[in-house]
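In: generate a structure from the sequence data that follows.
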Amino acid sequence: MSGIFERVAALGVVPVIAIEDVAHAVPLADALLEGGLGIAEITFRTKAAAEVIAQLSAERPELLTGAGTLLSPEQVTAAAQAGATFGLAPGFDPAVVSAAAAAGLPFAPGVMTPSDISLATAQGCRLMKFFPAVPAGGPSMLKNISAPFAHLGLKFVPTGGVTLATVADWLALPEIAAVGGTWIARTEDMRNGDWKGIATRARAAVDRVKEIRG
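Out: Okay, the predicted model is just below:
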């Protein structure tokens, strides 16, 4: 994995965030940092995503800011130009993987089957998002579909249905670099200005990872 993804793995949890208002960017970052979780995946599910990433990159460079839900080469370019340090997608699209490589953006495509893993591996990917993690079969499913590729040293970020209560189930697998979590900073939390709640959930996630990993 790239040095950036090694930093992601060291943190163990990636908050997956759909942020609607650029004005929420800095308060969000400060809440996450207060909770000791210096990372955010800003998804391109909202129109504000690129501007939010640009603001975080400029004003809170200590936060490891990535771009999620990258579905096209154009979005990859926008994310890279905004200052994203890594990118992820819910599925595997060779054009998107190629665009990320051209932009020098560490990138993890989404996979759900052995065929997906084969295709992503052939294109040089070594970290992949397992999505949707729980509906796709949970830790047991990922353990079994990744087993034939174990000798390649692949790592995964399961996202979709993961909760604080199930983090241990995922991190017990050696294939897991980190988990993606939507529970830490929800859209409604930001709308309501619940920055203290976000900081509390971030701290709980950090503490849980430390407890699991010793």
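
In: and the helix ranked longest in the chain, what's buried?
Out: Assignment by DSSP state H gives helix 195-213 as the longest helix of the chain. Going by neighbour count (16 or more other C-beta atoms under 10 Å), the buried part of helix 195-213 is Trp195, Ile198, Ala199, Arg201, Ala202, Arg203, Ala204, Ala205, Val206, Arg208, Val209. All C-beta atoms are positioned from the backbone trio N, CA, C, and that covers glycine.

In: so which elements touch that helix?
Out: Applying 3 or more C-beta pairs under 8 Å, 6 or more residues apart in numbering; DSSP states H and E, one finds that helix 195-213 contacts strand 13-17, helix 25-34, helix 167-171, helix 187-191.

In: was I right about Leu37 contacting Gly181?
Out: No. Assessed by C-beta atoms under 8 Å, Leu37 is found out of contact with Gly181, at 9.6 Å.

In: where do the contact lists of these two overlap?
Out: Shared contacts of Leu37 and Gly181, defined by C-beta atoms under 8 Å, 6 or more residues apart in numbering, comprise Val13, Pro15, Ala205.

In: burial count for the second one?
Out: Think Pro15. Neighbourhood size, Pro15 [other C-beta atoms under 10 Å]: 25.

In: got the phi and psi for the residue lying closest to it once chain neighbours are set aside?
Out: In space, and not counting its chain neighbours, Pro15 is closest to Ile184: 4.1 Å by C-beta to C-beta, 6 or more residues apart in numbering. Taking degrees, to the nearest 10, you get phi -80, psi -40 for the backbone angles of Ile184.

In: enumerate every residue touching Ile184.
Out: By C-beta under 8 Å, 6+ apart, Ile184 lies in contact with Val13, Pro15, Ile17, Leu32, Leu37, Ile198, Arg201, Ala202, Ala205.

In: neighbour count winner among Leu37 and Gly181?
Out: Between Leu37 and Gly181, counted using other C-beta under 10 Å, Leu37 has the larger neighbour count: 28 against 25.
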